[in-house]
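A.B. asks: give me coordinates for this.
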Amino acid sequence: MRKVTAELRNYLSEQATETEKQMITTILRQPKKAIEMNVRQLSASGYCSSATLVRICQKLGFKGYSDFRLALCEEIGYQNSRRFSNYDEKLDSITMVSEILKESINALRQVWKLMDYDILDTVVTRLSKSSLVHLYGIGASYLVMEDFMQKLTRIQKPALLFHDLHLQLVDAGNVKTGELCFMASYTGQTEEMIRLARMVHENRGVLVVITQYSFNELSRLADYVLYVPRIEEEVRVGAGSSRISMLAVVDIVYQRFLASHYEEDYERILKSSQTLEKVKVEFDDRKKEEDILTNDL
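C.D. replies: Coordinates of the predicted model:
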């Protein structure tokens, strides 16, 4: 992990211009606040241009502000990456419930802060134009993609998702140029998902990855990345806040898509709801008839 703050201090003392010094001092004073801002907001708070901020990042060896921001996030532990004590056997039920809910609420707040709205709108536009959507994930991430699959099915958006990893590999091999693919992986380092991503890349598919806010292989391979906070350790008792965060991102994409296709998709959702309600009523009626026959016997 790079020590970004140390690099900033060295640059500040050795070669920074007066304008750059003002910007660097602003970052060092409030690094947590700095990484919540985009390049325009941060440069304005440091009373310099966006070009100056980007130039500082590049002089430190980063491609641009996004890479700098990621490295700074990792150093200061902004996402509070640690092993939570929710599973401490000494905690009483009230405290444990409180800690778990706090963790989930914090994760959702960080999703909001990490959201890149330009990328979100671009992904939604791609989704609108795509005739077929491919979905990939394993473990808890598969459940996230399954939720997305159900949502897309309700609005009659063709999508493919396979529980079997081998079938996911077959599907990735069949991706055609320009087809949209969504992949969920909290760590972004899962070997199977990396293999799938490379196959999609080789077939020139468009890959959207939902992953933690850090340097990882999947974010490097993706065309678009929708970030969730890095809160849980890689070794976890169970995926809690990470799953909630990724489900929130899926909901955001889906709701944004609905907002841009309200008239046509509202009718589809209404129709699917009516169909499900009709099936439920028929099931309840049949159950009542069976109960009556059982009682008569």
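A.B. asks: any idea of the mean pLDDT in stretch 29-43?
C.D. replies: Averaged across stretch 29-43, pLDDT comes to 87.
A.B. asks: what about that stretch, how long is it end to end?
C.D. replies: Stretch 29-43 has an end-to-end distance of 14 Å (criterion: Cα to Cα, to the nearest Å).
A.B. asks: give me the residue ranges of this protein where confidence is low.
C.D. replies: 1, 77-90, 232-239, 263-285, 287-297 (pLDDT under 70).
A.B. asks: what about the strands in it?
C.D. replies: 133-136, 159-161, 180-184, 206-212, 224-228 (DSSP state E).
A.B. asks: which secondary structure elements does the shortest one contact?
C.D. replies: The elements that strand 159-161 packs onto, with contact taken as 3 or more Cβ pairs under 8 Å, 6 or more residues apart in numbering; DSSP states H and E, are strand 133-136, helix 140-154. For glycine as for every other residue, the C-beta is placed from the backbone atoms N, C-alpha and C.
A.B. asks: identify all contacting residues around it.
C.D. replies: Strand 159-161 is contacted by residues 132, 133, 134, 135, 136, 145, 146, 148, 149, 152, 153, 171 when judged by Cβ atoms under 8 Å, 6 or more residues apart in numbering.
A.B. asks: what do you get for stretch 199-207?
C.D. replies: Applying Cβ under 8 Å, 6+ apart, the set of residues contacting stretch 199-207 is 126, 134, 169, 172-181, 183, 197, 221-224.
A.B. asks: show me which of those residues are buried.
C.D. replies: Among those, those classed as buried by neighbour count (16 or more other Cβ atoms under 10 Å) are 126, 134, 169, 172, 175, 179-181, 183, 197, 221-224.
A.B. asks: how about those residues, which pair is most distant?
C.D. replies: Greatest spatial distance among these (Cβ to Cβ): 126 and 169, at 23.0 Å.
A.B. asks: the nearest residue to residue 75 once chain neighbours are set aside - how many residues pack around it?
C.D. replies: Nearest non-adjacent residue to residue 75, counting by Cβ to Cβ, 6 or more residues apart in numbering: residue 4, 5.1 Å away. Other residues lying near residue 4 total 23 when counted by other Cβ atoms under 10 Å.
A.B. asks: which residues sit in contact with residue 4?
C.D. replies: 60, 68, 71, 72, 75 are the contacts of residue 4 under Cβ under 8 Å, 6+ apart.
A.B. asks: would you mind measuring from it to residue 50?
C.D. replies: According to Cβ to Cβ, to the nearest Å, residue 4 stands 19 Å off from residue 50.
A.B. asks: and residue 57, by the same measure?
C.D. replies: Per Cβ to Cβ, residue 57 is found 11 Å from residue 50.
A.B. asks: repeat for residue 135
C.D. replies: Distance of residue 135 to residue 50, given as Cβ to Cβ: 36 Å.
A.B. asks: how about residue 103?
C.D. replies: Distance, residue 103 to residue 50, by Cβ to Cβ: 35 Å.
A.B. asks: residue 133 contacts residue 157, correct?
C.D. replies: Yes - at 6.4 Å, residue 133 counts as touching residue 157 under the criterion of Cβ atoms under 8 Å.
A.B. asks: now do the shared contacts for these two.
C.D. replies: Shared contacts of residue 133 and residue 157, defined by Cβ under 8 Å, 6+ apart, comprise residue 127.
A.B. asks: run a quick neighbour tally on residue 212.
C.D. replies: 26.
A.B. asks: if I look at the closest residue in space to it that isn't next to it in sequence, how far off is residue 137?
C.D. replies: Distances taken as Cβ to Cβ, 6+ apart put residue 230 closest to residue 212, at 4.2 Å, once the chain neighbours are dropped. The spacing between residue 230 and residue 137, counted by Cβ to Cβ, is 18 Å.
A.B. asks: coming back round to it: and residue 57 and residue 50? Which one has more around it.
C.D. replies: Applying other Cβ under 10 Å to residue 57 and residue 50 shows that residue 57 carries more neighbours, namely 21 against 15.
A.B. asks: circling back to that earlier point, backbone phi and psi for the residue nearest to residue 212, please?
C.D. replies: Taking degrees, to the nearest 10, you get phi -90, psi 100 for the backbone angles of residue 230.
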